[in-house]
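[1] structure for this input, please:
(chains A and B)
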Number of protein chains: 2
Amino acid sequence: MEARCRWPGWQDKLCSAEEASALIEDGMTVGMSGFTRAGEAKEVPRALAERAALDPFSITLMTGASLGNDLDKLLTDANVLSRRMPFQVDATLRRAINDGRVMFIDQHLSETVELLRNRQLAELDVAVVEACAITEEGGIVPTTSVGNSASYAILADKVIIELNLDSPAEMEGLHDIYIPQMRPTRPPIPVVAPDSRIGTPYIPIDPEKIAAIVVTRGKDSPSTVLPPDADTRHIADHLIRFFSDEVSAGRLAPSLLPLQAGIGTMANAVMSGLAEGPFEHLTMYSEVLQDSTFDLLDAGKLDFASGCSITLSEACGERVWSNLDAYRDRLILRPQELSNHPGIVRRLGIIAVNTALEVDIYGNVNSTHVGGTRMMNGIGGSGDFARNAQLSVFVTKSVAKGGDLSSVVPFVSHVDHTEHDVDVLVTEHGLADLRGLAPRERAERVIEQCADPLYRPALRRYFEEACRRGGHTPHCLEQALSWHIAVERDGHMRSLQEEGVEAVGA
Amino acid sequence: MEARCRWPGWQDKLCSAEEASALIEDGMTVGMSGFTRAGEAKEVPRALAERAALDPFSITLMTGASLGNDLDKLLTDANVLSRRMPFQVDATLRRAINDGRVMFIDQHLSETVELLRNRQLAELDVAVVEACAITEEGGIVPTTSVGNSASYAILADKVIIELNLDSPAEMEGLHDIYIPQMRPTRPPIPVVAPDSRIGTPYIPIDPEKIAAIVVTRGKDSPSTVLPPDADTRHIADHLIRFFSDEVSAGRLAPSLLPLQAGIGTMANAVMSGLAEGPFEHLTMYSEVLQDSTFDLLDAGKLDFASGCSITLSEACGERVWSNLDAYRDRLILRPQELSNHPGIVRRLGIIAVNTALEVDIYGNVNSTHVGGTRMMNGIGGSGDFARNAQLSVFVTKSVAKGGDLSSVVPFVSHVDHTEHDVDVLVTEHGLADLRGLAPRERAERVIEQCADPLYRPALRRYFEEACRRGGHTPHCLEQALSWHIAVERDGHMRSLQEEGVEAVGA
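    Here you go, the predicted structure:
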């Protein structure tokens, strides 16, 4: 305990999760650690849910991104959440959001603490942060994610620390905490490469604000990423061939550019595929470091990885956490404001690989809304990266639900990324390089390279009729959403395969 | 002439516009100066159009933004343009784009030269740049715009300089030319305030590349900005009251934050309105400096203005160009890559005021596409600023065409700016502060504060029915585009006023 908690005042602050949770009152705004199921405070939220079952109350909850250990489910079931931001992945919370019971504010993940710092969001009453250690001065050493924890702890009136004795003590030194100064007199943030260290290895806070220390045990939930399948392997192959061609054309070096990969099975598969590619001395400047990061480090392909959290499968976790010294010099965890910072992404010239839910023939991307209305997870960091990357790639399988749905549609039912921010689209069928093309040119490539062959005739018919009517971005408005309307009516888009687009719609 | 052209080699390169235009051959990619009708090369494009009338050929033309002096019309009529990027405002060119005769690539204005530098666009054969002087070493001193001229001149194989003897020689010293280094080893761009000077007052090029110098006369086309009317005054009043309230709440200083205003009547009116507000020591970090900039400078309200072009009305131009010394210390013109740079916009924490064509009830903005298909001008810099601003404001009149069209619709027919990038919406009816709100909450504010009262009942009915169906962002897909379909069918949306939304659509 002395090694974990070197701050002399700790004994006065030690308490149970239940006692600590009493600091959080009805109507408060609370910031918690946790990013993509990594490094969340585990016991205080559980205690909140238990308390609310007896004595109802609700709060605004901000996190880094998603929580693990079913915490969003527990908090939703206990009706603790009146507002939630900036990201989530929980099925129960998702239902509450889509029913309008929880007000969800879906944000670019780099922006939440910027808004908080400028007092454009409600001020933080309490921060709850998981730590693997507390320094002599009361500084907090985070665990597997930094996320928004640093700014939450610095900006909140009171700080509750969950000191997790099961978190690897060896994590100390991995983090790099830097808080941008207030605007408009902010100097440049000095990150110039993925391995730039510019801050402190702990979150510096006024120890007077430490209101409670709760000793905990317990692990992060393992990643839910699935192993690559035939389709994701094809996607990876298309992209690796494209990168190789870019190297041959002299547009990329063999070390490519710093890589970012969105969370999830698809982007993880693409990154893993790079282990077999002809590239060397790769670097990552990403958000979540997933299994693929460590596969690439182990393969000697990746020199350095910067992120704001580490989310691993059970097997990969065992390999990494028991052997952290082997990776220590090649990893940094930063606040998500920096891992996702538009200015740094632009400065480094990142290659961003993110996953689309659906794309339209002009290259607009929907990452979040099923059928244009129902929130899946949130935009996450995809906007931070896609807008500012040197190469912005979106990947998706060409169909979903066994072919019932085409992921390539005439008109996306919701736009998260406009065609301006999408350079390359990839499905298992092929890759559409959309750089420097006008919308009509983009449409031809997207239909012919990316759409499933069964849906291509209907897409071609839509596009031809739209071009006949004219416009820079031709559309047939009365048919534009007909593919989604077919899903509402029939549960699938198969009628587009058979009857053609003319038969559906208004 | 000696004062204007101090480069010793000039006499060998002197030629007519016709001779210079012969350097531009069929199929070439050409970069020209010109941004919002300011500082465009004037004679070489005219000569190109004349030549093409006799001997057809076509090129890819890149500029900063729009050209004046009807050049885009002349070039379109002569079929010189096969591809055009990244912005335009010409009625004839617009028609050709919407007919699919000219491939138009609509880009974030900060990105064009970044793409060019990385060879993600076709390489530049020739640059044509208007200059007010040529330095001893062959450096180009631009005129009323920098736009993309610096990178075009540096990256092109050959450079044609139009030395405009009618441009004020006193402009020399106003420009600040800085070119970001290649990625991924780019140091931070050192702009830390609107008045940061970080480069040279001329475009440094290898004088070996100067292929022709054409001596010209002639002025920029005057701005087409209209004086404020009752509606734009109301919009300005709402916004000024909002800014004042933000100052009272301690969220903004009385000097606000560096201001950006989109091109056009509406944003210009808002800026002019600030002259009557309680603000002092304002600064601008914007794209185009319009009449309002000089109104604010003259009123002693504005301390400094940074932009990439100056576009003025005839009257304001007379005041400014004959009296440049009075403004010299308070102005900088930069490359548009820097005036619009996402990282600098984020660093300075800009207040961005841009104009919407239409907005939807959730705060998504269409800036470009009439009826979802027909290009108006282009996204311009609005995305560069709106995404990264501390406060992103969009303004629009609540109706267009005398009330035939509502600018507030259930579902925008094209998305340029997602709800994530829109903090505040203002029409003549009121201001909707959308910060920190979930979509359902945003919709109520947008409908009640911003929509025209005649269209509010139909919007409320749509929203209520959508909420009954559910979703994070509730929609009735079969009605979502019905307002635009009504316009295609009837030429107006008045049926929505009378019959209600249920009667239109599928």
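[2] kindly state the pLDDT recorded for A:Ser16?
    Here, the pLDDT recorded for A:Ser16 equals 98.
[3] how about A:Gly264?
    Here, the pLDDT recorded for A:Gly264 equals 83.
[4] what does A:Glu276 give?
    83.
[5] show me the contacts for it.
    Residues in contact with A:Glu276, defined by Cβ atoms under 8 Å, 6 or more residues apart in numbering or on different chains, are A:Ile240. From N, CA and C alone the C-beta is placed, and that goes for glycine too.
[6] quick one: it and chain B, what's the gap?
    Counting by Cβ to the nearest Cβ, to the nearest Å, the separation of A:Glu276 from chain B is 23 Å.
[7] surely A:Asn354 forms part of a strand?
    Yes: under DSSP: H, G, I helix; E, B strand; the rest coil, A:Asn354 sits within a strand.
[8] burial count for the residue nearest to it when sequence neighbours are not counted?
    Distances taken as Cβ to Cβ, 6 or more residues apart in numbering or on different chains place A:Gly262 nearest to A:Asn354, at 3.9 Å, with adjacent residues excluded. With neighbours defined by other Cβ atoms under 10 Å in any protein chain shown, the count for A:Gly262 comes to 27.
[9] ok, A:Gly262 - contacts?
    A:Glu287, A:Val353, A:Asn354, A:Thr355, A:Gly380, A:Gly381, A:Ser382, A:Phe385.
[10] quick one: which of these is most hemmed in?
    Within the contacts of A:Gly262, most neighbours by other Cβ under 10 Å means A:Glu287, with 33 neighbours.
[11] check contacts around that residue.
    By Cβ under 8 Å, 6+ apart, A:Glu287 lies in contact with A:36, A:109, A:260, A:262-263, A:307-309, A:336, A:339-340, A:380-381, A:385.
[12] A:Glu25 too?
    Residues near A:Glu25 by Cβ under 8 Å, 6+ apart: A:Phe57, A:Asp125.
[13] same question, A:Arg117
    So A:Arg117 contacts A:Ser151, A:Leu155, A:Met182 (Cβ under 8 Å, 6+ apart).
[14] secondary structure class for the closest residue to the first one other than its chain neighbours?
    What sits nearest to A:Ser151 in space, not counting adjacent residues and going by Cβ to Cβ, 6+ apart, is A:Val113, at 3.7 Å. Three states are possible here, and by three-state DSSP the one that applies to A:Val113 is helix.
[15] burial check on A:Val113, number of neighbours?
    With other Cβ under 10 Å as criterion, A:Val113 counts 28.
[16] now do the same for it: its pLDDT.
    For A:Val113, pLDDT reads 98.
[17] how about the residues of the stretch 151-300 of chain A by chain B?
    A:183-190, A:192-193, A:249-251, A:257-258, A:283 (Cβ under 8 Å from any Cβ of the partner chain).
[18] that older thread, show me which of the contacts of A:Arg117 are buried.
    A:Ser151, A:Leu155 (16 or more other Cβ atoms under 10 Å in any protein chain shown).
[19] so which of the residues of the stretch 151-300 of chain A next to chain B is the most crowded?
    Busiest of those [other Cβ under 10 Å] is A:Pro258, holding 26 neighbours.
[20] grab the nearest non-local neighbour of it.
    A:Tyr285 (3.9 Å).
[21] ditto for A:Asp195
    A:Phe304 (4.7 Å).
[22] neighbouring strands - and their directions - for the host helix or strand of the one you found?
    Assigned by DSSP states H and E, A:Phe304 belongs to strand A:302-307. Paired neighbours of strand A:302-307 in the sheet (DSSP bridges): strand A:282-285 (parallel), strand A:331-333 (parallel).
[23] helix or strand next in line after the longest one, which one?
    Past strand A:282-285, further along toward the C-terminus, the next helix or strand under DSSP H and E is strand A:288-289.
[24] from the contact counts, what lies against that following strand?
    Helices and strands touching strand A:288-289, by 3 or more Cβ pairs under 8 Å, 6 or more residues apart in numbering or on different chains; DSSP states H and E, are strand A:302-307, strand A:309-310.
[25] so where's the stretch 201-350 of chain A shaky on pLDDT?
    Within the stretch 201-350 of chain A, not a single segment meets pLDDT under 70.
[26] so which residues of it form helices?
    A:230-248, A:265-273, A:291-298, A:314-321, A:336-339, A:342-348 (DSSP state H, counting those that start in this stretch).
[27] now, which of the contacts of A:Arg117 lie within helices?
    Judged by DSSP state H, those include A:Ser151, A:Leu155 as members of helices.
[28] looking at the contacts of A:Arg117, which is nearest A:Ala267?
    Using Cβ to Cβ, A:Ser151 is the member of those that sits closest to A:Ala267, with 26.2 Å.
[29] pretty sure the closest one is in contact with A:Ile179, am I right?
    Yes: with contact defined as Cβ atoms under 8 Å, A:Ser151 counts as touching A:Ile179 (6.4 Å).
[30] what touches both of the two?
    In contact with both A:Ser151 and A:Ile179: A:Pro335, using Cβ under 8 Å, 6+ apart.
[31] still on that earlier bit, just the contacts of A:Arg117: which has the poorest pLDDT?
    When the contacts of A:Arg117 are compared, the smallest pLDDT is that of A:Met182, 95.
[32] where does the stretch 351-500 of chain A have low pLDDT?
    A:498-500.
[33] from B:Ile350, how far off is whichever residue of the stretch 151-300 of chain A sits closest to chain B?
    Nearest residue of the stretch 151-300 of chain A to chain B, counting by Cβ to the nearest Cβ: A:Arg183, 2.9 Å away. Going from A:Arg183 to B:Ile350 by Cβ to Cβ, to the nearest Å gives 9 Å.
[34] with A:Arg494 instead?
    Taken as Cβ to Cβ, the span from A:Arg494 to B:Ile350 is 49 Å.
[35] the more surrounded of these two?
    B:Ile350 (29 against 17).
[36] from the stretch 401-506 of chain A, which residue is nearest to chain B?
    As assessed by Cβ to the nearest Cβ, chain B sits closest to A:Gly471 within the stretch 401-506 of chain A, at 3.0 Å.
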